[in-house]
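Student: Could you work out the structure for the sequence below:
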Amino acid sequence: MSARDWIDKDFYRELGVSSDAGEGEIKKAYRKLARELHPDANPGNADAEARFKAVSEAHGVLGDPEKRKQYDEARSLFGGGLRGGFGGGSGGGGASFSDLFGQAAGGAAAGGGFGDMLGNLFGRGRGAASSPRARRGADVETEVRIDFVEAVKGATVPLRLSSPSECETCHGSGARPGTTPRTCATCSGAGLISRSQGAFAFSEPCHDCRGTGRIVDNPCPDCGGDGVSTKTRTLTVRIPPGVENDQRIRLSGQGEPGSNGAASGDLYVRVHVTPHPVFGRDGNNLTLRVPVSFTELALGTTISVPTLEGSVSARVAPGTPSGRVLRVRGKGVAKRDGQTGDLLITLQVSVPPTLDETATEALQAYAEATKQHDPRPDLTAMVEKARQS
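Tutor: Numbers count the residues shown, from 1 in each chain. Modelled structure (predicted):
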């Protein structure tokens, strides 16, 4: 992206958010627009494809805190013409913006002044031309849904992705095969031109080459000279064991291609996990609620409980209260770092909805036999104590 793009494009408007929007609001807006404008959802719709690319570009900047900071500074500095608030002398912020759009090509001479600082801002020191700055490709985010067992054990899933990629026809040069771009004569390939205004000298992106330093006389028929085209590709993504719901997986170099030989961005895959009808999860531990009868808790028993690999036996001691949690070690989530969680079994009394005559008589006899036992011995005393305090 050229410096002029940073000044002219309103990425906040592209995503439909305010300039003070938080990271979560920006992410939510991008994901909503990406789903609506995705080429797979709008086959043959060139306008939707263009909007999809613009939204992806906007998120690539606003979704990166460092890039967003640089973008905001650039718009504040140049959005309405040059304004005060910075400088190399007394007063003002005295801040250096030399890295805003790129690393300066060497240090400026001492006392270079205002013009040199603005020259460095766009990647060039005073009096020295440099090659157009290489720009890393934007990061891309997509989503995938897997089931609970796949999240615990890991899985390999195919991912169909439509995103801007390096044009296969011109290999990113933007020129028709058999031709090459020529160096811009206006800026001598620097991508910047200098002009004077009163006592000041300024550098700005070259209007003829749009800051690229190159002129494409014979544009590539497939990408129109951009060097980038939207294509659909299928990737095989390895989901690691123990991945959690809403976790992001980073695939290095699988995002949008860089410009002028720079590296491609990264692809982030956001994983959504479908809940299991029986098991739950608490970190590395699996959770399970097991219904038991009152007599099993009172007299003790051994119960069989399911795991993701089969079943195990768990011993219930006599007099175990309802709600007690039993732990079966090593039957939880095993992660790549070697940590393995446990299976946590919560015992829950199951009360019969109806009783036949025999069962009713037996329970009445039991109640008579245990009437000396008050299950709520402290409850009345606690209420009375609270009333007196």
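Student: Next one: E143 from L62, what distance?
Tutor: If you measure E143 against L62 using CB to CB, to the nearest Å, the figure is 19 Å. Any C-beta I mention is one placed from the backbone N, CA and C, and that applies to glycine too.
Student: Specify which residue of the two has the higher count of neighbours.
Tutor: L62 (24 against 15; other CB atoms under 10 Å).
Student: isn't that one right next to Q70, touching?
Tutor: No: checked against CB atoms under 8 Å, the pair L62 and Q70 is beyond contact range at 11.1 Å.
Student: Test for you: state the pLDDT assigned to R324.
Tutor: On the pLDDT scale, R324 is placed at 96.
Student: go on, A105?
Tutor: For A105, pLDDT reads 37.
Student: First-to-last residue distance for stretch 153-173?
Tutor: This stretch, stretch 153-173, spans 44 Å end to end (CA to CA, to the nearest Å).
Student: scratch that, stretch 137-155 is what I was asking about
Tutor: Note: stretch 137-155 ends 28 Å apart using CA to CA.
Student: residues contacting A359?
Tutor: P352 (CB atoms under 8 Å, 6 or more residues apart in numbering).
Student: That one: which element?
Tutor: Here A359 is covered by helix 357-369, with elements defined by DSSP states H and E.
Student: Give the next helix or strand downstream of that helix.
Tutor: Next in line after helix 357-369, if elements are assigned by DSSP H and E, sits helix 379-388.
Student: what's that next one packed up against?
Tutor: The contact analysis (3 or more CB pairs under 8 Å, 6 or more residues apart in numbering; DSSP states H and E) places helix 379-388 against no helix or strand.
Student: who touches it?
Tutor: Contacts of helix 379-388 (CB under 8 Å, 6+ apart): none.
Student: Flag the shaky bits of the stretch 151-300 of the chain, pLDDT-wise.
Tutor: The model of the stretch 151-300 of the chain has pLDDT under 70 over residues 163, 196-201, 260.
Student: Around K9, how many other residues sit close by?
Tutor: K9 is flanked by 17 other residues according to other CB under 10 Å.
Student: Contacts only, for it.
Tutor: 57-58.
Student: ok, it to A185 distance?
Tutor: According to CB to CB, K9 stands 27 Å off from A185.
Student: residue contacts, R270?
Tutor: Neighbouring residues of R270 by CB under 8 Å, 6+ apart: 141-144, 246-248.
Student: ugh, wrong one, I meant L267
Tutor: Counting by CB under 8 Å, 6+ apart, L267 has contacts 139-142, 161, 235, 250-251, 254-255.
Student: Can I get the contacts of R270 in a markdown table including secondary structure and distance to E296?
Tutor: Below are those laid out as a markdown table (DSSP: H, G, I helix; E, B strand; the rest coil; distance: CB to CB, whole Å):
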| residue | secondary structure | distance to E296 |
| --- | --- | --- |
| E141 | strand | 50 |
| T142 | strand | 49 |
| E143 | strand | 44 |
| V144 | strand | 42 |
| D246 | coil | 38 |
| Q247 | coil | 39 |
| R248 | strand | 44 |
